[in-house]
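J.: give the three-dimensional model of this entry:
(one chain, ligands or ions: 1)
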Amino acid sequence: MVSSTNEKSVVYGACPHDCPDTCSMLVTVEKGRAVKVEGHPDHPYTRGTLCGKVSDYLDRVYSPDRILYPMRRVGQKGSGQFEQISWDAALDEIASRFKQIINDYGSEAIMPSSYLGHEGLLNGLTVGDAFFNRLGSTIAERTFCISCTSTAYLMTYGPTHGTDPDTFSHSQYIILWGCNALSTNVHLWPFIQEARKNGAKLVVIDPVRTRTAQQADWHIPVRPGTDSALALGMMNVIINENLIDADYVEKYTVGYEELKQRVNEYPPEQVAEITGIPVEDIVTLAREYAITQPSVIRIGVALEKQAGGGQGVRAICCLPGLVGAWRHLGGGMLQAPMWPFPIRGEVVHRPNFIKPGTRVVNQWQLGRALTGELALDPPIKALFVYNCNPVTQSAEQDKIVAGLAREDLFTVVSEQFMTDTADYADIVLPSTTQIENLDLMFSWGHTYVTLNVPAIAPLGEAIPNTELFRRLAARMGFDDECFKLSDEELAMEVLDWSAPVMQNMDMDLLKQQGYAKLDVNLVPHAEGNFPTPSGKCEFLSSMKVDSNYVVPVFRQGYEEYPPGEPIDPLPTYTPQRESVQSNPELANRYPLSLLSAKPHQFINSCFANLPKHLKLQGEPKVIINPEDALKRGIVEGQIVKVFNDRGAFQVPAKVSDITRPGVVVAPLGYWRKLSHAGNTINAATAATFADMGHAAAVGDSLVEVALVS
Ligand code: SF4
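T.: Numbering: from 1, shown residues only. So this is what the prediction gives:
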């Protein structure tokens, strides 16, 4: 607690949303009611500011639309008609339906559905794992985000935090690659601006001239899915013009000769054909990047969302090793610096409960799982949704809705608001917001642990996710000790407080200042020391993974996976699955590449129901290049249909050259029931995987756009 009087107290909070910044907050409470949420001014990285999404967090907490009591469905599925019931009645019904389903079909007929609707170590991604692993449910693979990027990064560098974002101000050449930092990583921006004041150049590589690209010194509008070719072409120039850091390469890398042979397959002229970037720009970029040190690359999540996304990240990862960028403060690469957080997998997942051979179903294919398109035996008979909203956030929206409408599917949704998914629930459970519960936060964007202290009592009968699973475990008769731990006890269990990176921190310090930095090296690889099998940067990877490998954190801690296709240990370029090169017939019918963009005012589907955020964001639009619009007789503001064989959605057109010809961009996160003609972008996205980590290949989707007659 920061301060307290009889009338007023200020407590430490932490933003729970799916964002790399994990802001430290101060929450002011007067007479039991929170009256102000603001950024913690002392936090060295988030520096006292919250983004526009969360600065009005109390509108969310005290929204009249909050779910505050358990409810049972009384109308048709999807009708949104519910009656209030007691917690006892809700838990009894869930337990009795689960027991009946287990008796009739086996425990794998129950499937959880969850993601990063909350990022806390207590209430977030892993909060239900112990319960569902103990239950013996289907394991829900959750690879919506960074599972592919992480695999590629680990193959090259191992689990290192890489370049600490706190040091970006020391960089002289910054590449934001597939990262719209001004909307999705806003607290990195001041560090970039400091670097620019000191003479740094900012380059943004992105098919779209995003808000960030508009602010850059140089925007490179690469074709979607061709980033690996661009990185391989850069390496071709760097190697053939002898711009490598030969000493660094010799001492601290492996596989240079093999990489050299591989990049010779990608001369700039050929790369220009693939990427749509002129030869002279490829050459200039390569030269500037190699010569200007310290150079740093911040990669975004979007890179992985293609058939060849993993190898794209692998190729980009090789660049800093080649030019010795790691030697310098502020040089190297930033992926997701979460790897040093000493999270105790045996506690957060309880993988000891998992029976070998337990079925795994990927949530990106939830629609196929629920409709029977995936041949599952037993079929999914119960779905338990928490921390996510699959109707808007998963692919093949029409299939998900059809599956949720099944009368024989028992669906439970724990939520703060009546989302598109909650509308289809049989039982809805009320969940707390962050200022109503305790949590401890890691970050995938910086290297601070942040404490979130409950500021107010839970509203209505809302409970934290931790308490939800304690209650469910008790109702199911699970008497394991792990289901009896209080939140305070869990907070002491989920991290290894004795790990070397924690040597300067304990719970007392977190209570005193709200956050504490891991004890990480700010120039971690000046002399190699990569946590790979070889101890070096691996251009030629020795990590034994194949296309089915998924980092266990993304699959309830389960480490077994069936053999898949071998992954080339050298980076390479793979064309998009839906492209002229790979499928000319499809590309003839659906010639436009569809990209999804995160709106500035929403975080995934969070905040997309709140009036202020909807007003600020405006209605959803599809951005189409003037050339493509002209061909189709489309003018600004007309309602168009964006469609392919999977489905369709309707939105007004925004005609703009911020997107390349051949590429259309639509926003992700708008609620289906609040959208024109009742569908959103995920009606048209593909439920296919990238080449690594079963990542959602959402950016590998072709569509056509036509006027609605
Ligand atoms: S969404 Fe991100 S930037 Fe906004 S307050 Fe939360 S952590 Fe900070």
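
J.: report how many residues lie close to G276.
T.: Residues contacting G276 under the criterion other CB atoms under 10 Å number 19. For the C-beta atoms, the positions are set from N, CA and C on the backbone; glycine is no exception.

J.: show me the strands in the stretch 501-650 of the chain, by range?
T.: Ranges of strands within the stretch 501-650 of the chain are 515-517, 537-538, 592-597, 622-624, 639-643, 648-655, based on DSSP state E, counting those that start in this stretch.

J.: so for L668, which of the ones you listed sits nearest?
T.: Closest to L668 of these is strand 592-597 (CB to CB; 4.2 Å).

J.: need the contact partners of the closest one.
T.: Contacts to strand 592-597, defined as CB atoms under 8 Å, 6 or more residues apart in numbering, come from residues 180, 207-208, 210, 223-225, 302, 576, 578-579, 624, 628, 642, 659, 662-668, 681-682, 684-685, 698-699, 701-705.

J.: ok, and of the residues you listed, which contact the ligand?
T.: Counting by CB under 6 Å from any ligand atom, the subset of these that neighbours the ligand is empty.

J.: okay, and the beta partners of the residue of the stretch 551-700 of the chain found nearest the ligand?
T.: Of all residues in the stretch 551-700 of the chain, I603 sits closest to the ligand, at 5.5 Å by CB to the nearest ligand atom. Listed by DSSP bridges, the beta-bridge partners for I603 are C606.

J.: what's the answer for I299, then?
T.: Beta-bridge partners for I299, by DSSP bridges, are W177.

J.: just the helices in the stretch 201-350 of the chain please.
T.: Using DSSP state H, counting those that start in this stretch, the helices of the stretch 201-350 of the chain run over 211-215, 227-240, 246-252, 256-263, 268-275, 279-291, 309-323, 345-348.

J.: so for V2, what's the pLDDT?
T.: Listed pLDDT for V2 reads 67.

J.: same check on N6?
T.: On the pLDDT scale, N6 is placed at 69.

J.: what separates A499 from W189, distance-wise?
T.: 31 Å (CB to CB, to the nearest Å).

J.: re the thing from before, reformat the strands of the stretch 501-650 of the chain as TSV; add mean pLDDT and mean neighbour count.
T.: Output for the strands of the stretch 501-650 of the chain, formatted as TSV (pLDDT from 0 to 100; neighbours: other CB atoms under 10 Å):
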stretch	mean pLDDT	mean neighbour count
strand 515-517	97	20
strand 537-538	98	25
strand 592-597	93	23
strand 622-624	97	25
strand 639-643	96	20
strand 648-655	96	21
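
J.: dump those strands to JSON lines, plus distance to G557.
T.: Converted to JSON lines, those look like this (distance: least, CB to CB, whole Å):
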{"stretch": "strand 515-517", "distance to G557": "26"}
{"stretch": "strand 537-538", "distance to G557": "26"}
{"stretch": "strand 592-597", "distance to G557": "29"}
{"stretch": "strand 622-624", "distance to G557": "39"}
{"stretch": "strand 639-643", "distance to G557": "38"}
{"stretch": "strand 648-655", "distance to G557": "36"}
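
J.: for these, which one sits closest to S107?
T.: Closest of those to S107 is strand 592-597, at 34.7 Å (criterion: CB to CB).

J.: just to revisit the earlier point, hey, which of the helices of the stretch 201-350 of the chain is tucked in deepest?
T.: Counting by mean count of other CB atoms under 10 Å, helix 309-323 has the highest mean neighbour count of the helices of the stretch 201-350 of the chain, with a mean of 29.

J.: chain center to that helix: distance?
T.: Counting by CA atoms, centre = their mean, to the nearest Å, helix 309-323 is centred 20 Å from the centre of its parent chain.

J.: quick one: average pLDDT of that helix?
T.: Here the average pLDDT along helix 309-323 is 97.

J.: can you pull up the most central residue in this structure?
T.: Nearest to the geometric centre of the chain sits C145, at 3.6 Å (CA atoms, centre = their mean).

J.: show me what the lengthiest helix in the chain is packed up against.
T.: As assigned by DSSP state H, the longest helix anywhere in the chain is helix 87-105. Contacts defined by 3 or more CB pairs under 8 Å, 6 or more residues apart in numbering; DSSP states H and E place helix 87-105 against strand 71-73, strand 110-114, strand 382-386, strand 410-415, strand 427-430, helix 465-475.

J.: figure out the helix or strand that the residue nearest to N387 when sequence neighbours are not counted lives in.
T.: Spatial nearest neighbour of N387, excluding adjacent residues (CB to CB, 6 or more residues apart in numbering): G117 at 3.6 Å. Using DSSP states H and E, G117 sits within no helix or strand.

J.: residues in contact with G117?
T.: The contact partners of G117, taken as CB under 8 Å, 6+ apart, are 18, 386-389, 604, 606.

J.: give me that answer again for 7 Å
T.: For G117, the contact set (CB atoms under 7 Å, 6 or more residues apart in numbering) comprises 387-388, 606.

J.: quick one: the helices in the stretch 551-700 of the chain?
T.: Using DSSP H, counting those that start in this stretch, helices in the stretch 551-700 of the chain cover 584-589, 611-617, 626-631.

J.: the residue nearest to N123 when sequence neighbours are not counted: neighbour count?
T.: Spatial nearest neighbour of N123, excluding adjacent residues (CB to CB, 6+ apart): N465 at 4.2 Å. Close neighbours of N465, defined as other CB under 10 Å, add up to 24.

J.: and what of D479?
T.: Applying other CB under 10 Å, we find 9 residues neighbouring D479.

J.: the stretch 551-700 of the chain against the ligand: which residues are in contact?
T.: Proximity of the stretch 551-700 of the chain to the ligand, by CB under 6 Å from any ligand atom, involves residues I603.

J.: quick one: name the residues of the stretch 101-250 of the chain near the ligand.
T.: Proximity of the stretch 101-250 of the chain to the ligand, by CB under 6 Å from any ligand atom, involves residues V186.

J.: who's in contact with the longest helix of the chain?
T.: Residues from elsewhere that reach helix 87-105 (CB under 7 Å, 6+ apart): 70, 109-110, 378, 381-382, 410, 412, 427, 429, 461, 471-472, 475-476.

J.: give me that answer again for 6 Å
T.: Contacts made with helix 87-105 from outside it, assessed by CB atoms under 6 Å, 6 or more residues apart in numbering, are listed as 70, 109, 378, 381-382, 410, 412, 427, 471, 475-476.
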